[in-house]
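A.B. asks: Need a 3D model of the sequence below.
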Amino acid sequence: MLVEPESATLRAFLEPMATMSSSELLKAELVRAVRRRAEAVEWSRGRLLDKATELLDVMDLFTLDGAVFSLAGHLDPVSVRALDALHVATALQVAPLRAFVSYDRRQLDAARRAGLSTVSPGAEAA
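C.D. replies: Numbering: from 1, shown residues only. Next up, the predicted model:
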């Protein structure tokens, strides 16, 4: 969708996977990120939003329930942001999974502390 330094390595990592999963939070987060980025680089917002929708359509998106919210509230470190904690808590409910993919250091730390295997394809060790 958007080209980042890690894009090619991330694509290669994800390609053999039968499914990709996330929480329904991704519906809002991805669209907001695309809108911000499209403004910054003056690309066609409509084209990028279409690509975001295509990506969301092929993902397994999990509904957040009370158990996920409770788990997210108790994850360490306390510095992890609420939305990031909700993604980690969702992953714990979906497990087993191959890896938790993120490029956010605090989110990766929370995922590791919770016992998830983490990766940041193409990035320096996070």
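
A.B. asks: If I look at Arg11, what pLDDT would I see?
C.D. replies: Here the pLDDT value assigned to Arg11 is 68.

A.B. asks: give me every residue that touches Leu116.
C.D. replies: Counting by CB atoms under 8 Å, 6 or more residues apart in numbering, Leu116 makes contact with 88, 91-92, 95, 97, 99-100. Backbone N, C-alpha and C define where each C-beta goes, glycine included.

A.B. asks: Going by neighbour count, which of those residues are buried?
C.D. replies: Using 16 or more other CB atoms under 10 Å as the burial test, the contacts of Leu116 include 88, 91-92, 100 as buried.

A.B. asks: Strands - which of those residues land there?
C.D. replies: Phe100 (DSSP state E).

A.B. asks: ok, the buried ones among the contacts of Leu116 vs Pro16, which is closest?
C.D. replies: Phe100 (16.9 Å; CB to CB).

A.B. asks: Wait, Thr112 touches Thr118, no?
C.D. replies: Thr isn't right for residue 112; it's Arg. Yes. Under the criterion of CB atoms under 8 Å, Arg112 makes contact with Thr118 at 5.5 Å.

A.B. asks: what about those two, which has more around it?
C.D. replies: Thr118 (18 against 14; other CB atoms under 10 Å).

A.B. asks: follow-up on the earlier one: and which of the buried ones among the contacts of Leu116 is nearest Leu56?
C.D. replies: Using CB to CB, Ala91 is the member of these that lies nearest Leu56, at 17.2 Å.

A.B. asks: got a list of what the closest one touches?
C.D. replies: By CB under 8 Å, 6+ apart, the residues touching Ala91 are 21, 97, 100, 111, 116.

A.B. asks: How about His87?
C.D. replies: 22-23, 25, 102, 107 are the contacts of His87 under CB under 8 Å, 6+ apart.

A.B. asks: returning to what we had before: list residues touching both of Arg112 and Thr118?
C.D. replies: Counting by CB under 8 Å, 6+ apart, Arg112 and Thr118 have no contacts in common.
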